[in-house]
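**Q** fold the stuff below for me.
(one chain, ligands or ions: 3)
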Amino acid sequence: MFTISERNFFSRRCVWVNGPVIVGAGPSGLAVGACLREQGVPFVILERADCIASLWQKRTYDRLKLHLPKKFCQLPKFPFPNHYPEYPTKRQFIDYLESYANHFDIKPQFNETVESAKYDEACKVWRIKTVSPIGCEVEYICQWLVVATGENAERVVPDIEGLKHFGGEVIHACDYKSGEKYQGKKVVVIGCGNSGMEVSLDLSNHNAQPSMVCRSSVHVLPREIFGKSTFELAMFMMSWLPLWLVDKILLIIAWFILGNIENYGLKRPSIGPLTLKNTQGKTPVLDIGALEKIRSGKIKVIPGIKRFSCGTIELVNGEKLEVDSVVLATGYCSNVPFWLQESEFFSKNGFPKAQNNWKGKSGLYAVGFTRKGLAGASADATKIAQDIAKVYKDDLKQKKQKVSTHRRCISTF
Ligand SMILES: Cc1cc2nc3c(=O)[nH]c(=O)nc-3n(C[C@H](O)[C@H](O)[C@H](O)COP(=O)(O)OP(=O)(O)OC[C@H]3O[C@@H](n4cnc5c(N)ncnc54)[C@H](O)[C@@H]3O)c2cc1C
Ligand SMILES: NC(=O)C1=CN([C@@H]2O[C@H](COP(=O)(O)OP(=O)(O)OC[C@H]3O[C@@H](n4cnc5c(N)ncnc54)[C@H](OP(=O)(O)O)[C@@H]3O)[C@@H](O)[C@H]2O)C=CC1
Ligand SMILES: O=C(O)C(=O)Cc1c[nH]c2ccccc12
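**A** Ligands and ions are numbered 1, 2, ... in the order given. Model prediction:
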């Protein structure tokens with residue numbers, strides 16, 4: 001054991017990085033790293049977890065599969081293996097990301113949580129402070145900062161009356177692995193986004209009794225339409241038609257395939273699914289079987305929760321339910337406002353203020369915040385690496401010129 005003064009004596013370091021610092025080793029950070037590597041620009045990736053893609057490795061359930069076709073989920077310059085199925089499993093996606101990192105020789109600094117980042121106007125550099133679980137502190141100094149901490153960095157835990165007195169197990173969807181241990185149990189899943197739907201489906205497949213809270217509204221679309229991905233069809237239509245019309249077409253097709261979901265207690269939002277995703281970031285549910293379970297009564301849909309009390313839940317309609325466990329499928333949020341001391345580019349919600357924006361001032365960049373999933377992250381990464389590489393290479397040229405003029409000067413004397 002060290003004393004505090006001993007520990008601090010050799011646990012504070014300052015590191016100058018020749019090139020950008022990337023915060024986060026998820027798909028977005030790895031994609032920027034790969035594109036920079038191709039351009040010959042050195043970089044450092046800082047990651048709070050002890051592995052790459054920690055969201056996928058540590059905070060998702062066992063049976064998760066990508067719900068967009070693989071061609072929309074691969075990262076730049078390194079496709080999925082040919083034998084991968086149209087919708088790769090979580091394991092396959094993680095294996096792909098591991099080989100992606102190996103292929104581009106990306107070695108993040110693990111166990112380093114960025115606690116603050118600030119632009120030093122006087123020195124024209126970014127100062128990024130990290131802390132490790134054993135208390136080591138490092139300050140990285142660099143010219144470019146790439147924020148790749150993701151749209152899903154932190155869990156959202158709602159403050160519902162009496163939740164603390166519930167007494168039974170309460171977990172967030174990011175800690176849910178499988179329905180195996182819930183057999184025969186009454187489980188309330190709060191939230192009806194993709195997580196809520198898929199957790200409820202998994203619980204039902206394991207013979208638990210899930211009730212899913214749908215307090216407002218949700219768009220449910222079939223994952224495929226006549227064997228073709230709905231997402232792909234939507235992307236295709238969007239290149240020809242206005243968004244509102246694509247939304248209308250999707251809703252009509254969804255009605256034909258899924259029927260009127262309002263018959264099952266699921267209200268549809270008044271705004272169309274893609275417009276809602278674009279304006280409020282709310283992802284439509286791509287159904288992989290939960291709706292059939294709802295139709296057959298194996299997943300019960302319930303309205304909002306009024307309050308919890310010991311072992312029971314009171315709903316807004318006055319109904320009371322006896323419950324064994326609760327899964328909070330209440331979503332995620334960005335953590336950028338907690339560590340980035342900057343308010344011009346990022347807004348208070350941790351997303352860039354202007355939609356689709358990947359470039360700020362003074363060498364600040366954001367990758368993976370355009371609410372366009374992995375395809376959006378790949379597009380950002382390519383643009384960011386090109387932008388940084390241009391300045392990096394110009395700087396390098398200038399430095400070389402300075403050296404050679406300097407040398408010439410010496411030789412003439
Ligand atoms: C269950 C689930 C399924 C999904 N499925 C799909 C899909 O099929 N297709 C699709 O396109 N998108 C999907 N998404 C969207 C998802 O956002 C992307 O797949 C992808 O993970 C985004 O990558 P990212 O690198 O931007 O963020 P993340 O994967 O969240 O990676 C961010 C990394 O930053 C690290 N980090 C955060 N804060 C700090 C800090 N302060 N210091 C250091 N490190 C930090 C985190 O530990 C993490 O490793 C899904 C999301 C979820 C939650
Ligand atoms: N297979 C896949 O690829 C999967 C992908 N994902 C993706 O991960 C991301 C996150 O999805 P998800 O985790 O579902 O989060 P979402 O943000 O999409 O959904 C959160 C849900 O929780 C509800 N909610 C929040 N607070 C409360 C509350 N206090 N009481 C009742 N309900 C509440 C919301 O309702 P309201 O709308 O009323 O606020 C909403 O229904 C999405 O982009 C999604 O597409 C997730 C799972 C699987
Ligand atoms: O799966 C996710 O969370 C995504 O963000 C992927 C995605 C981006 N745009 C969409 C539109 C409809 C469904 C999923 C997505």
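
**Q** count of neighbours near the residue of the chain at minimum distance from ligand 1?
**A** Closest approach between the chain and ligand 1, counting by Cβ to the nearest ligand atom: Gly26, at 2.0 Å. C-betas here are computed from N, CA, C, even on glycine. Neighbourhood size, Gly26 [other Cβ atoms under 10 Å]: 26.

**Q** got a list of what the residue of the stretch 251-400 of the chain found nearest ligand 3 touches?
**A** When scored by Cβ to the nearest ligand atom, the stretch 251-400 of the chain has Gly373 as its residue closest to ligand 3, at 2.8 Å. Counting by Cβ atoms under 8 Å, 6 or more residues apart in numbering, Gly373 makes contact with Leu68, Phe72, Cys73.

**Q** pretty sure the residue of the chain closest to ligand 1 contacts Ile52?
**A** Yes - counting by Cβ atoms under 8 Å, Gly26 does reach Ile52; the two are 7.5 Å apart.

**Q** need the residues that contact stretch 71-84.
**A** So stretch 71-84 is contacted by 27, 30-31, 34-35, 38, 66, 70, 88, 92-93, 96-97, 99-100, 103-104, 231-232, 235, 373-375, 377-378, 381-382 (Cβ under 8 Å, 6+ apart).

**Q** make that stretch 44-58, sorry
**A** With contacts defined as Cβ under 8 Å, 6+ apart, stretch 44-58 is touched by 15, 17, 19-27, 29-30, 33, 90, 93-94, 97-98, 101, 106, 108-114, 128, 130, 140, 142, 148, 150, 152.

**Q** also stretch 335-353?
**A** Outside stretch 335-353, the residues that reach it (Cβ under 8 Å, 6+ apart) are 114-119, 147, 149, 151, 153-154, 281, 333-334, 357-358, 360-361, 364, 366, 369, 371.

**Q** about what we covered before: among the contacts of stretch 71-84, name the ones in helices.
**A** Per DSSP state H, helices hold the following members of those: 27, 30-31, 34-35, 38, 92-93, 96-97, 99-100, 103, 231-232, 235, 373-375, 377-378, 381-382.

**Q** buried subset of those residues?
**A** 27, 30-31, 34-35, 92-93, 96-97, 100, 231, 373-375, 377-378, 381-382 (16 or more other Cβ atoms under 10 Å).

**Q** could you pick out which of those residues are near ligand 2?
**A** The overlap between those and the neighbours of ligand 2 (Cβ under 6 Å from any ligand atom) is empty.

**Q** which residues of the stretch 301-413 of the chain lie near ligand 2?
**A** Residues of the stretch 301-413 of the chain lying close to ligand 2 (Cβ under 6 Å from any ligand atom) are Gly304, Ala329, Thr330, Gly331, Tyr332.

**Q** any quick ChimeraX command for the buried ones out of the contacts of stretch 44-58?
**A** Here is the ChimeraX selection string for the buried members of the contacts of stretch 44-58, based on 16+ other Cβ under 10 Å:
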select :17,19,20,21,22,23,24,25,26,27,29,30,33,90,93,94,97,101,106,108,109,110,111,112,113,114,128,130,140,142,148,150,152
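
**Q** narrow the contacts of stretch 44-58 to those in strands?
**A** Using DSSP state E, the subset of the contacts of stretch 44-58 located in strands is Val15, Val21, Ile22, Val23, Thr113, Val114, Ile128, Thr130, Tyr140, Cys142.

**Q** go ahead and confirm the fourth one touches Ala117.
**A** Read it as Val23. Yes - in this structure Val23 lies within contact range of Ala117 using Cβ under 8 Å: 7.3 Å.

**Q** overlap in contacts of those two?
**A** Listed as contacting both Val23 and Ala117 by Cβ under 8 Å, 6+ apart are Ile128, Leu145.

**Q** if we can go back for a sec, nearest to ligand 2 among the ones in strands among the contacts of stretch 44-58?
**A** Once Cβ to the nearest ligand atom is applied, the member of those that ends up nearest ligand 2 is Val23, at 20.2 Å.

**Q** contact residues of the stretch 1-150 of the chain facing ligand 1?
**A** With Cβ under 6 Å from any ligand atom as the criterion, the stretch 1-150 of the chain meets ligand 1 at residues 23-29, 46-49, 53-55, 60, 64, 66-68, 73, 113-114, 148-150.

**Q** same deal with the stretch 251-400 of the chain?
**A** Asn335, Trp339, Gly368, Gly373, Leu374, Ala377.

**Q** lowest pLDDT pick from those residues?
**A** Within these, Gly373 has the lowest pLDDT, namely 95.

**Q** which stretches of the protein have low pLDDT?
**A** 1-10, 404-413 (pLDDT under 70).

**Q** so which residues of it form helices?
**A** Secondary structure of the chain, counting by DSSP H: helices at 4-9, 27-39, 54-58, 90-103, 194-205, 230-238, 243-258, 273-280, 290-295, 336-339, 373-412.

**Q** excluding its backbone neighbours, what's nearest Cys174?
**A** Arg59 (3.9 Å; Cβ to Cβ, 6 or more residues apart in numbering).

**Q** cool, and Cys14?
**A** By the measure of Cβ to Cβ, 6+ apart, the closest residue to Cys14 outside its immediate chain neighbours is Glu139, 4.7 Å from it.

**Q** can I see the domain layout of this structure?
**A** For the chain, the structural domains run 13-153+334-399, 157-331, going by the TED database.

**Q** isn't the residue nearest to Cys174 up against Asp175?
**A** Yes - counting by Cβ under 8 Å, Asp175 is a contact partner of Arg59 at 7.5 Å.
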